[in-house]
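1. Okay, here's the prediction I keep looking at, along with the sequence it came from:
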Amino acid sequence: MIDYLMMTCLTQTPAWRALIAHRDAMTDVSIRDLFARDAGRAARFSLEAAGLFVDFSKHPITEETRDRLVALAQATEVEVRRDAMFAGERINRTENRPVLHVALRDRSGKPRWVDGTDVTTQVAAVLDKMRRFSNAVREGAWRGHTGLPITDIVNIGIGGSDLGPNMVCEALKPYAHERLSMHFVSNVDGADIAEVLNRVEPETTLFVVSSKTFTTRETLVNARTARAWLLASGAAESAVEKHFVAVSTHADAVAAFGIDPANMFEFWDWVGGRYSLWSAIGLPIALMAGMDAFEALLGGAYAMDRHFAEAPLACNLPVLLALIGIWHQNFRGTTSQLIAPYDNRLHRLPAYLQQLDMESNGKPVTLDGQRVGYATGPVIWGEPGTNGQHAFFQLLHQGTATIPADMIVCMRPHHRHAEHHDILVANCFAQSEALMNGWCNADAPHRNFDGNRPTTTICLDTLDPASLGALIALYEHKVFVQGVVWGINSFDQWGVEFGKRLAVVIEAQLAAPDAEQSHDGSTNQLIDRYKARRRRLTHVSTR
Ligand code: G6Q
C-alpha cells in the first residue's frame, strides 16, 4: 500500500533541483547543435514498442537530461504507483476506487479480484454479449419493429461516453460495415439531435444510450427526444426495445428510463469515464467495425500496457513522453501541447486527448491535499496536418511562445492515392525539420525563424485497430505518469461534477415566469434578456 502522506514538496527534492541546475546549464544549447555534434542522436533518442515508432530526438534534451528526468520519476515512485494501478489498489482516493481500465484489455485471461469478484470473468461475459449483439445487428438478424435491418446507429452520450467511441469510429472508417452509418449525439443543443434525426429513419435506427451514471442531463434529454421521435413515427411503445439499448453501470436507472435491463451492457465504477472506450462504451466501435476489430483494438492497448509495465523507465515510451512533457512544462515554461495528426481520420484525436489529459491532470492539489507549487496539466489542442499548417502553424514557427508538438503519421494509407500520401508525409517531416532548424534571415527580421521548436514524431505502420489501441494507451499512460510525478489524482473530475450542478438553478428560473433571481448583476441581466426575447426571435427553420 502506498503511503501518500510521505510525499515531500516536489520542488524541494534533489531530483527536481538537479533538473533546475541542468536546465540552466542547457539554456544556450539548441536542438540543431545537438544533432551537429552527434551522428547517432536520432537512433539513440528513438524507441519502438507495441507497433509504434517514436522519435524523441527533436527536443532540447541530452542523455543527461533523460537520466535526470528518469531520476525524478524514480524519486516520485512512478514504478510503485504504476504497479499499484495494475494491481487494482484504490489509487483514485477521492472517489475511493481502483483504476482498472487495463483490466478491460488484459488478454492474458488471468483472474483479477476487486472486492472479492473476479473482474476478468465479468469483462469476458460483457465482451461475449457485445459480440452476440453486434453480430446480430451486422448480420441483419436484429431488426427494427417493422422487420427491416438496422442501417443507422446513433450513440447518445457525452464526455467520456462519447469522445472515445466517436474518435475511434472516425479513425476506423475503412473497417466499417457497409450497411451501417454511425452518428453521435452529445450536446444538449437541440441542433445536434435535430441534424441526426433528419438523416435517419425510425424503422431502421438503433439508439445506444451511453451513460455511466445514467443521470447526465444532456444524455437523458437527448434520449427522451429520440424516444418521442420514434413513437411519433407511429411505432408502439413495444417498439422501444428493438431500437434502444443502454450502456451503463446503473441497471436501476436504465430500467427507470424505460430500457429493458436485458438490453443493457454493463460496466463498472472502476472504469473512469474518459478511460471507458475499452468497456461496453465501445459498443458503437464493435457495431461499426465488428467485434474482431474491437478485440484487436484491445490487443494493441494490451501490448502497450505490457511495455509500460515491463520496460525500464529509460526506454519506456509512455514514461519518456511524460517526462519530456514535464521538462517543457515545468522547466522550460511552456503551457500548451499541440497534437498534430497527419492523418485526416484522426481528426477527433485532439478533442479526445483534450479530455483525457486536461480532465485528468487539470488539478490544483496533491494527493495529500496541499496546493501544488508548480504547473500541472498543459492545454492540449490541435487539428490534423496539413490543415493546421495553413492556419496556426505561423505561431509555432514565429510566435513568442514555444509549443511542443506531437506529429502522428502513418507509413501506409488505406486509400489508393499514393501521391497524396507522399505529399502529406513530406509535409509532416518538413515541418518538424523546419521547426527545429529555423531559418536565418538577417536582412529581413520578419522572415527570420529562430528554430529550436520541439517535436515528437509518432509513426504507425498503418491506422489499424491494433496500432490505434497502442496509440491511445500510450497517451493514457503518459497522462498517468505525469500525474504521479505531480503528485495529483488523475482519476477524479470534481470540476466536471461541479459543472453538472451549475445550470440546475438557472434552468428552473428560466422555466418560471416570476422566479426570484439572486445572482450577480450580470447573470440577472442575461437571464432577463433571454426571457424577454426568446419567444420573439423567428425560427429560420421549422425542422
Ligand atoms: C469522464 C467524465 C465525464 C463523463 C461525462 C458523462 O471521465 O467523468 O466526461 O464521462 O460527464 O457521464 P456519464 O457517462 O455518467 O453520462
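-> That came in fine, so what should we check first?
2. going forward, measure contacts between C-alpha atoms and count neighbours the same way
-> Fine.
3. Show me which residues of the stretch 201-350 of the chain sit near the ligand.
-> Residues of the stretch 201-350 of the chain that fall close to the ligand, judged by CA under 6 Å from any ligand atom: 211, 212, 213, 214, 216, 272, 273, 274.
4. now those residues: which count as buried?
-> With neighbours counted by 16 or more other CA atoms under 10 Å, these contain buried members at 211, 212, 214, 272, 273, 274.
5. Most widely separated two among these?
-> Spatial extent of those (CA to CA) is set by the pair 214 and 274 at 15.5 Å.
6. Just the closest residue of the stretch 351-500 of the chain to the ligand, please.
-> Residue nearest to the ligand within the stretch 351-500 of the chain: residue 493 (6.1 Å; CA to the nearest ligand atom).
7. Isn't that residue up against residue 360?
-> Yes. The pair residue 493 and residue 360 passes the contact test of CA atoms under 8 Å, sitting 7.0 Å apart.
8. Those two: which is more packed in?
-> residue 360 (22 against 19; other CA atoms under 10 Å).
9. Contact partners for the residue of the stretch 351-500 of the chain closest to the ligand?
-> 359, 360 (CA atoms under 8 Å, 6 or more residues apart in numbering).
10. which secondary element of the protein has the worst mean pLDDT?
-> Among the helical and strand segments of the chain, the one scoring lowest on mean pLDDT, DSSP states H and E is helix 494-511, with a mean of 90.
11. So for it, what gets flagged as buried?
-> By neighbour count on 16+ other CA under 10 Å, the buried set for helix 494-511 is 506, 509.
12. Go ahead and measure how far it is from the middle of the chain.
-> Computed by CA atoms, centre = their mean, to the nearest Å, the chain-centroid distance of helix 494-511 equals 25 Å.
13. Report the angle between the next helix-or-strand element following that helix and helix 494-511.
-> In the C-terminal direction, the helix or strand that comes right after helix 494-511 (DSSP states H and E) is helix 521-533. Helix 521-533 and helix 494-511 are oriented at 50 degrees to each other (axes from the mean of the first three to the mean of the last three CA atoms, to 10 degrees).
14. Quick check: buried residues in helix 521-533?
-> Here helix 521-533 shows 527, 531 as buried, counting by 16+ other CA under 10 Å.
15. do stretch 137-151 as well
-> Neighbour counts over stretch 137-151 (16+ other CA under 10 Å) mark 137, 138, 140, 142, 143, 144, 145, 149, 150, 151 as buried.
16. if I look at the nearest residue to residue 374 once chain neighbours are set aside, how far off is the ligand?
-> In this structure, residue 374 finds its nearest non-sequential neighbour in residue 330, 6.9 Å apart by CA to CA, 6 or more residues apart in numbering. Applying CA to the nearest ligand atom, to the nearest Å, the value for residue 330 to the ligand is 25 Å.
17. try residue 89
-> For residue 89 relative to the ligand (CA to the nearest ligand atom), the value is 19 Å.
18. could I get the buried ones among the residues of the stretch 201-350 of the chain next to the ligand as JSON lines with pLDDT?
-> Formatted as JSON lines, those follow (pLDDT from 0 to 100):
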{"residue": "211", "pLDDT": "98"}
{"residue": "212", "pLDDT": "97"}
{"residue": "214", "pLDDT": "96"}
{"residue": "272", "pLDDT": "98"}
{"residue": "273", "pLDDT": "98"}
{"residue": "274", "pLDDT": "98"}
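19. Residues contacting whatever helix or strand residue 134 lives in, please?
-> Assigned by DSSP H and E, residue 134 belongs to helix 119-139. By CA under 8 Å, 6+ apart, the residues outside helix 119-139 that reach it are 103-104, 109-113, 142-143, 149-150, 177, 180, 265-266, 279-280, 283, 286-287, 290-291.
20. Narrow the residues you listed to those in helices?
-> Per DSSP state H, helices hold the following members of those: 103, 104, 283, 286, 287, 291.
21. Identify the farthest-apart pair in these.
-> Counting by CA to CA, the most remote pair of the ones in helices among the contacts of helix 119-139 is 103 and 287, 21.7 Å apart.
22. pLDDT of stretch 284-303, averaged?
-> The average of the pLDDT scores along stretch 284-303 is 98.
23. Sorry, wrong one. I was asking about stretch 135-152.
-> In this model, stretch 135-152 has a mean pLDDT of 98.
24. That stretch: end-to-end distance?
-> In terms of CA to CA, to the nearest Å, the two terminal residues of stretch 135-152 are separated by 15 Å.
25. Figure out how far that stretch is from the centre of its chain.
-> 31 Å.
26. cool, and stretch 245-256?
-> 24 Å.
27. Likewise for stretch 200-214?
-> Relative to its chain's centre, stretch 200-214 lies at 22 Å (CA atoms, centre = their mean).
28. got the CA coordinates for that stretch in CSV?
-> C-alpha atoms of stretch 200-214 as CSV (Å, rounded to 0.1, in the frame of the first residue of the first chain):
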residue,chain,number,x,y,z
VAL,A,200,-32.2,8.7,-40.3
GLU,A,201,-35.4,6.7,-40.4
PRO,A,202,-37.3,5.5,-37.3
GLU,A,203,-37.8,1.9,-38.6
THR,A,204,-34.1,1.3,-39.2
THR,A,205,-32.3,3.2,-36.5
LEU,A,206,-30.8,1.8,-33.3
PHE,A,207,-30.0,4.2,-30.4
VAL,A,208,-27.2,3.3,-28.0
VAL,A,209,-27.8,5.4,-24.8
SER,A,210,-24.4,5.5,-23.1
SER,A,211,-24.0,6.9,-19.6
LYS,A,212,-22.0,5.6,-16.7
THR,A,213,-24.3,7.1,-14.2
PHE,A,214,-27.5,7.3,-16.3
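29. Now it: buried residues?
-> Going by neighbour count (16+ other CA under 10 Å), the buried part of stretch 200-214 is 200-212, 214.
30. Equivalent analysis for stretch 313-330, please.
-> Buried-residue list, stretch 313-330, by 16+ other CA under 10 Å: 313, 315-330.
31. what about that stretch, start to end distance?
-> Terminal residues of stretch 313-330 lie 19 Å apart, using CA to CA.
32. surely residue 385 meets residue 428?
-> Yes. Counting by CA under 8 Å, residue 385 touches residue 428, with 7.3 Å between them.
33. Could you check how far the residue of the stretch 351-500 of the chain closest to the ligand is from residue 479?
-> 14 Å.
34. Show me the strands in this structure, by range?
-> 46-49, 52-55, 113-114, 117-118, 152-156, 181-185, 205-210, 244-248, 264-266, 336-342, 379-382, 405-412, 455-462 (DSSP state E).
35. Report all helices and strands that the fifth one contacts.
-> If you count contacts as 3 or more CA pairs under 8 Å, 6 or more residues apart in numbering; DSSP states H and E, strand 152-156 packs onto strand 181-185, strand 205-210, helix 217-232.
36. go again using 6 Å as the cut-off
-> If contacts are counted by 3 or more CA pairs under 6 Å, 6 or more residues apart in numbering; DSSP states H and E, strand 152-156 sits against strand 181-185, strand 205-210.
37. any low-confidence regions in this structure?
-> 1-8, 537-543 (pLDDT under 70).
38. Residues of it that sit close to the ligand?
-> 158, 159, 160, 161, 211, 212, 213, 214, 216, 272, 273, 274.
39. doesn't residue 160 make contact with the last one?
-> In other words, residue 274. Yes. Taking CA atoms under 6 Å as the definition, residue 274 is a contact partner of residue 160 at 4.2 Å.
40. Run a quick neighbour tally on the residue lying closest to residue 473 once chain neighbours are set aside.
-> Distances taken as CA to CA, 6+ apart place residue 301 nearest to residue 473, at 5.2 Å, with adjacent residues excluded. By the criterion of other CA under 10 Å, residue 301 has 30 neighbours.
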